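> Based on what follows, work out the 3D shape:
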Amino acid sequence: MRFPFLPKRKSLPSLMVMMGTLLTVGVVSIGDRPSGPQALTPSRSRVLASTPPATTSFRNPPHHAAPWATDLTSRVEAEFPALEGVYKHLHANPELSYQEIRTAAYLAKQLAGTGFAVTPHFGGHGLVAVFRNGPGPTVLVRTEMDALPVEEKTGLPYASKVRARDSKGNEVGVMHACGHDVHMTCWIGTARLLSKLKDRWHGTLVFIAQPAEEVGAGADEMLRAGLYTKFPCPNYCLALHCDPQQPCGHVAFTPGLAMANIDMVDITVRGKGGHGAWPHMTIDPVVLSARLVLDLQTLVSRENNPTDPLVVTVGTIHGGVKPNVIPNEVKLQLTVRTTRDLTRKRVLDGIERMAKAWPPGPTRRPRASTPGGTGTPRPS
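Down below sits the predicted model:
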């Protein structure tokens, strides 16, 4: 499969798809992009399509490409040196969720002189940039800004050495391990080229930079702030995600859903602590948590249709401070991925049901809560 090459004054959505595709291929193909488990980890919204994605390459236009496509390709190639510098700066200077102050300011600076009207501090550290170019459709183009609490060990010259305090006050390494540095670079390059090629399209662009994506909250905050009422409401919404499973120089796409909705669930398992040598005098929340971790997997393997994509992962489990002391409680944090609203409701209800199936005895009721997540599939 391939994207059609476009004549002059083609529709804005088609032009945007091609532009984003070309820029994505170029940035992801940078030769010294980090590789391996310490570089691009699987995204927070992993591809859950039922059919393998098709791939296409735009490194060189096919021999039958129109002159317009050849011109666009040469323009994109000319932007690569500057975009590589943008990418390396972003990679070396990551910021955690809710801390994207310098990142948002940097993106706003990169759009200076392009004709975009930029609104900062929207929905937290979110950024909204609007380019009006006559009548026509409105296209929203989205990127994320936040990084992950991961210590980088790639050894690259531009590797992140940033350390910061997370939401719980812990000092952590910070890294763009989910590819948001690539996404922002594509976003900037696409905005620049579309502004330069404004004679070839018509309509309105709404470029948004979303904060706090990694904790599943930034999009909701921008929506609550009035994204679709204070700015033009889009006819099309476009986003992308780099994928280390695809060969460099290729873009993968698939009909229908490509990525999944995310929910994050916190569970506190409450027991009755005591001495490790007297377990019969306690209600051990560590043992209960271990059983719960295994029980939760039956929501996928025994309660869900195998053809309906579903993921339930326990990402963190914390309890106790000494080997000979049974703690009073254990805390678990889960990520849940779904592609259907009915499946989402069923699995969240199931998690709560299992968490509250506490044993008899003098223990307190466990608690499950969902601090983040949305009700519809989202791109990352």
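
> all contacts plus neighbour counts: C-alpha atoms, from now on.
Fine.

> hey, where'd the helices end up in the stretch 251-380 of the chain?
Along the stretch 251-380 of the chain, counting by DSSP state H, counting those that start in this stretch, helices occupy 285-301, 341-355.

> Which elements pack onto the last one?
Think helix 341-355. Counting contacts by 3 or more Cα pairs under 8 Å, 6 or more residues apart in numbering; DSSP states H and E, helix 341-355 packs against helix 285-301, strand 367-373.

> I'd like to know the average pLDDT value across that helix.
For helix 341-355, the mean pLDDT works out to 95.

> Just give me how far it sits from the chain centre.
Computed by Cα atoms, centre = their mean, to the nearest Å, the chain-centroid distance of helix 341-355 equals 23 Å.

> between it and helix 285-301, how many degrees?
Per axes from the mean of the first three to the mean of the last three Cα atoms, to 10 degrees, the angle that helix 341-355 makes with helix 285-301 is 150 degrees.

> Can you list the buried residues in helix 341-355?
T343, R344, V347, L348, G350, I351, E352, M354, A355 (16 or more other Cα atoms under 10 Å).

> Could you pull out the buried residues of stretch 154-162?
Within stretch 154-162, the residues that qualify as buried are T154, Y158, A159, S160, V162, counting by 16+ other Cα under 10 Å.

> next one: stretch 78-91
Under the neighbour-count criterion of 16+ other Cα under 10 Å, stretch 78-91 has E79, F80, L83, E84, V86, Y87, K88, H89, L90, H91 buried.

> try stretch 92-109
By neighbour count on 16+ other Cα under 10 Å, the buried set for stretch 92-109 is 92-101, 103-104, 107-108.

> Could you export the residues you listed as JSON lines, including distance to C237?
Shown next, in JSON lines, are those (distance: Cα to Cα, whole Å):
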{"residue": "A92", "distance to C237": "29"}
{"residue": "N93", "distance to C237": "28"}
{"residue": "P94", "distance to C237": "26"}
{"residue": "E95", "distance to C237": "25"}
{"residue": "L96", "distance to C237": "25"}
{"residue": "S97", "distance to C237": "23"}
{"residue": "Y98", "distance to C237": "24"}
{"residue": "Q99", "distance to C237": "25"}
{"residue": "E100", "distance to C237": "23"}
{"residue": "I101", "distance to C237": "25"}
{"residue": "T103", "distance to C237": "22"}
{"residue": "A104", "distance to C237": "20"}
{"residue": "L107", "distance to C237": "20"}
{"residue": "A108", "distance to C237": "20"}
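
> With pLDDT and secondary structure added, can I get the residues you listed in TSV?
Below are these laid out as TSV (pLDDT from 0 to 100; DSSP: H, G, I helix; E, B strand; the rest coil):
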residue	pLDDT	secondary structure
A92	97	helix
N93	98	coil
P94	98	coil
E95	98	coil
L96	97	coil
S97	96	coil
Y98	96	coil
Q99	97	coil
E100	97	coil
I101	97	helix
T103	98	helix
A104	98	helix
L107	98	helix
A108	97	helix
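
> Compare the mean pLDDT across the helices and strands packed on helix 341-355 and name the weakest.
strand 367-373 (a mean of 59).

> Residue ranges in the stretch 1-150 of the chain under the pLDDT threshold?
Counting by pLDDT under 70, the stretch 1-150 of the chain contains low-confidence ranges at 1-66, 68.

> And the helices in it?
Remark: helices assigned in the stretch 1-150 of the chain by DSSP H, counting those that start in this stretch are 12-28, 67-92, 101-110.

> tell me what the shortest one is packed against?
Yep, that's helix 101-110 we're talking about. Using 3+ Cα pairs under 8 Å, 6+ apart, helix 101-110 sits against helix 180-196.
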